[in-house]
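**Student:** Just the structure for this:
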Amino acid sequence: MRILVVEDEHRIAQAVKEGLEQESYAVDVAYDGEDGYNSATADEYDLILLDVMLPSMDGYTVCQKLRADGIHTPILMLTAKDQSRDVVKGLDTGADDYLAKPFPFEVLLARVRALLRRPHETAREVLQAADLTLDPSAKSVERGGKSIALSSKEYALLEYLLRNQNKVLSKNNIMTHVWDFDADILPNTVEVFIAYLRAKVDKPFKGPGLIQTVRGFGYKIGS
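**Tutor:** Next up, the predicted model:
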């Protein structure tokens, strides 16, 4: 899953980016409101973490403009302000949630997970296809009750496939949501990581493979 962090304090932005990347998210960073707005309109994101007090364009304006543009990506506002009127203003401009600084990273991570599973997931979500399960909270993957160890990028790819189960995803879709903007991606990168996943979640187990190639279109996962 790909997240855009719009935060002008470089230390905070880098700490959030590194923490989220350790949780297998792909993360891009913008350091002012205008760059954040341009990034959010130019690329597809699964979630936006948006600071309120930004140079060039404040977070309220960024959020309002994105919603006016028809972009419905979940937005979590980050700010040092926690007064009721600021919370109301943020939510009224179109934000989905609001988190006051300073915050424990564990709380931010829980909010991120909650927003990513809306609206159809339950509070304790487990993504599943046949006997393959992925628990985003525990960052665990099992098939037939057997634990599967995945690299960070393999995990991110599997999570994206499972969140879009039975949908055909093009290589471009996958690259957009699994790798960040600065990633060094070769034309066959997606093919390579699909092969890595198949070697771990399909080949060691009986029955038909869950990860399917739809020739000329892309890949999908399904029972």
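**Student:** what are the ranges of the helices in the chain?
**Tutor:** 10-22, 33-42, 59-68, 84-92, 105-117, 152-163, 171-178, 189-201 (DSSP state H).
**Student:** possible to save the ones you listed as JSON lines with distance to Glu125, mean neighbour count and mean pLDDT?
**Tutor:** Yep, even glycine has a C-beta here, placed from its N, CA and C like the rest. Below are those laid out as JSON lines (distance: least, Cβ to Cβ, whole Å; neighbours: other Cβ atoms under 10 Å; pLDDT from 0 to 100):
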{"stretch": "helix 10-22", "distance to Glu125": "18", "mean neighbour count": "15", "mean pLDDT": "95"}
{"stretch": "helix 33-42", "distance to Glu125": "25", "mean neighbour count": "19", "mean pLDDT": "96"}
{"stretch": "helix 59-68", "distance to Glu125": "26", "mean neighbour count": "20", "mean pLDDT": "94"}
{"stretch": "helix 84-92", "distance to Glu125": "24", "mean neighbour count": "14", "mean pLDDT": "78"}
{"stretch": "helix 105-117", "distance to Glu125": "5", "mean neighbour count": "16", "mean pLDDT": "92"}
{"stretch": "helix 152-163", "distance to Glu125": "10", "mean neighbour count": "21", "mean pLDDT": "94"}
{"stretch": "helix 171-178", "distance to Glu125": "18", "mean neighbour count": "19", "mean pLDDT": "91"}
{"stretch": "helix 189-201", "distance to Glu125": "19", "mean neighbour count": "17", "mean pLDDT": "95"}
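**Student:** would you list those in TSV and tack on distance to Ala129?
**Tutor:** Putting these into TSV (distance: least, Cβ to Cβ, whole Å) gives the following:
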stretch	distance to Ala129
helix 10-22	25
helix 33-42	30
helix 59-68	32
helix 84-92	35
helix 105-117	16
helix 152-163	6
helix 171-178	16
helix 189-201	9
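**Student:** out of those helices, nearest to Phe217?
**Tutor:** Among the helices of the chain, helix 171-178 comes nearest to Phe217, with 9.6 Å by Cβ to Cβ.
**Student:** Output the contacting helices and strands for that closest one.
**Tutor:** strand 2-6, helix 152-163, helix 189-201, strand 218-221 (3 or more Cβ pairs under 8 Å, 6 or more residues apart in numbering; DSSP states H and E).
**Student:** Next, the angle helix 189-201 makes with that helix.
**Tutor:** Orientation check (axes from the mean of the first three to the mean of the last three Cα atoms, to 10 degrees): helix 171-178 against helix 189-201 gives 70 degrees.
**Student:** Tell me the gap between helix 171-178 and the middle of its chain.
**Tutor:** In this view, helix 171-178 has its centroid 11 Å away from the chain centroid, taken as Cα atoms, centre = their mean, to the nearest Å.
**Student:** Over to stretch 210-223?
**Tutor:** That offset, for stretch 210-223, works out to 21 Å (Cα atoms, centre = their mean).
**Student:** Ok, stretch 66-81 next?
**Tutor:** 15 Å.
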